[in-house]
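Novice: Take a look and give me a structure for this.
(one chain, ligands or ions: 1)
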Amino acid sequence: MSILYNILGKPGRDNALYIKINSGKRFYRLLFDCGESVLASLDQSEIKSIDYIFFSHCHIDHVAGFDYLFRRIYDREKPVVIYGPPGITKIIFNRLNGFTWNLVSDLKGEWIINEFENGEVKTSVIKASDSFSKISSSASAKRDEFILLTQDFGIKMFFLNHSISSAGYLIKEKETYNIDKDLLAQLGITAGEWLQKVKDENSDINEIIYTGGRSYSVLYLKELLLRKKEGDSLAYMTDFVFDGQAEEAVKIIKNCDTIVCESQYLEDEKHLAEQNFHITGSQAGKIAADAEADKLILFHVSDRYRGDDFLAMLDEARVVFPKTYYPPEWKI
Ligand SMILES: [Zn+2]
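Specialist: Residues are numbered from 1 along each chain as shown. Now for the predicted structure:
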């Protein structure tokens, strides 16, 4: 199990986050935001296989690359599933309707949009076979702690203050249990296919395993041999001002492995950060320090900065949180 991530888009340009979760059995592909040209570095096959799309908010630098994405997946067999803040349904609906559609009755494309507001989620379905012209069904429900939960990972959403609501996300893999092979060898227990029964969470714990001339219950072997491994976790936070709401978010992402966080301004332009509802690199460092994260990745830097400014910003963040980096693909 692991979370692989890439920051899409260049320094000082529109950025997005692309995640692949490797469950050991399959990959899940997740896209967070979709600014201009951010998908240019991704293979077409990757884009067509994206499982879930998340938006922080719908300012143009987070949505301007949507048509490129839309063109590649509008009629695919697997439904397209979107999560986003208040207003996401209307914005996506309008974008799907930015084209002329006819001869579409055979198209399979189905778009499922989950809009979160005031503790509720409204789920709307829009179909290609309807020329994307109407919402074919819509239902509201109380939102759960996890907005998405699969057998391998869960996602939490929290809101940040960008003068509008900007959604932050925490991606958390489920824990796994592995056999302590060293202990197995130490105890001289003969390995075999029965190990799968010890690992399998649905196996009958009272079943008796015979191995090496001895017998053990599955429960005994589970307690003896299984070692818990926490899953990876990653937080995505962009477009927000450093205020009480951001401090609340820190509680939600506490102890996560990696934080991917916006870093719009240098410290001497903090007034611009406040004015424009953004944060500085140093404030991103404070968030990572308070959350006791392992690593901070800065992205979404203002286009007003050049070479040395980027290094200065990194230094400012590292004073507060030493394990701060730019995305390696930026080559800064
Ligand atoms: Zn914004």
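Novice: contacts and neighbour counts: CA atoms only from here.
Specialist: Will do.
Novice: which strands and helices sit next to the single longest helix found in the chain?
Specialist: For the chain, the helix reaching the highest residue count under DSSP state H is reported as helix 307-320. Applying 3 or more CA pairs under 8 Å, 6 or more residues apart in numbering; DSSP states H and E, one finds that helix 307-320 makes contact with helix 281-291, strand 324-325.
Novice: Pull out the buried residues from that helix.
Specialist: With burial defined by 16 or more other CA atoms under 10 Å, the residues of helix 307-320 counted as buried are F310, M313, L314, D315, E316, A317, R318, V320.
Novice: Including pLDDT, could those residues go into CSV?
Specialist: Formatted as CSV, the buried residues of helix 307-320 follow (pLDDT from 0 to 100):
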residue, pLDDT
F310, 97
M313, 98
L314, 98
D315, 98
E316, 98
A317, 98
R318, 98
V320, 98
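Novice: Any stretches of the stretch 151-300 of the chain with poor pLDDT?
Specialist: Applying pLDDT under 70 to the predicted model, the stretch 151-300 of the chain contains no residue that meets it.
Novice: Of the helices and strands packed on helix 307-320, which is nearest L298?
Specialist: The closest of the helices and strands packed on helix 307-320 to L298 is strand 324-325. By CA to CA, the value is 6.3 Å.
Novice: Return the list of strands paired to the closest one, each annotated with direction.
Specialist: According to DSSP bridges, strand 324-325 forms sheet pairs with strand 295-299 (parallel).
Novice: Against Y52, how distant is F32?
Specialist: Noted for F32: a distance of 9 Å to Y52, by CA to CA, to the nearest Å.
Novice: More neighbours: which of those two?
Specialist: Neighbours per residue, other CA atoms under 10 Å: of F32 and Y52, the larger number sits with F32, 24 against 17.
Novice: Give me the phi and psi angles of that one.
Specialist: Backbone geometry at F32, expressed as degrees, to the nearest 10, gives phi -120, psi 110.
Novice: Checking my notes, S56 in a strand, right?
Specialist: No: according to DSSP: H, G, I helix; E, B strand; the rest coil, the state of S56 is coil, so it is not within a strand.
Novice: quick one: it and E115, what's the gap?
Specialist: When distance is defined by CA to CA, S56 is 11 Å away from E115.
Novice: who touches both of those two?
Specialist: Jointly contacting S56 and E115 under the rule CA atoms under 8 Å, 6 or more residues apart in numbering are G84, P85.
Novice: who has more neighbours, the two?
Specialist: Here S56 and E115 are set side by side on neighbour count (other CA under 10 Å), and the busier one is S56, at 27 against 20.
Novice: Let me know the pLDDT of the more buried one.
Specialist: pLDDT, the model's per-residue confidence, is 98 for S56.
Novice: How about K331?
Specialist: The predicted local distance difference test score for K331 is 89.
Novice: check contacts around it.
Specialist: Applying CA under 8 Å, 6+ apart, we find K331 in contact with no residue.
Novice: would you list every one of the strands in the stretch 1-150 of the chain?
Specialist: For the stretch 1-150 of the chain, strands defined by DSSP state E, counting those that start in this stretch occupy the ranges 2-8, 16-22, 27-32, 52-54, 80-84, 110-117, 120-127, 135-142, 148-149.
Novice: what does the stretch 201-332 of the chain give?
Specialist: Under the criterion DSSP E, counting those that start in this stretch, the stretch 201-332 of the chain carries strands at the ranges 208-211, 214-217, 226-229, 233-237, 258-262, 295-299, 324-325.
Novice: Send over the fifth one as CSV, restricted to the C-alpha atoms.
Specialist: Same thing as strand 258-262. What follows is strand 258-262 as a C-alpha-only set of coordinates in CSV (Å, rounded to 0.1, in the frame of the first residue of the first chain):
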residue,chain,number,x,y,z
THR,A,258,2.6,14.6,3.8
ILE,A,259,1.0,18.0,3.4
VAL,A,260,0.7,19.4,-0.1
CYS,A,261,0.0,23.1,0.7
GLU,A,262,-0.3,26.4,-1.2
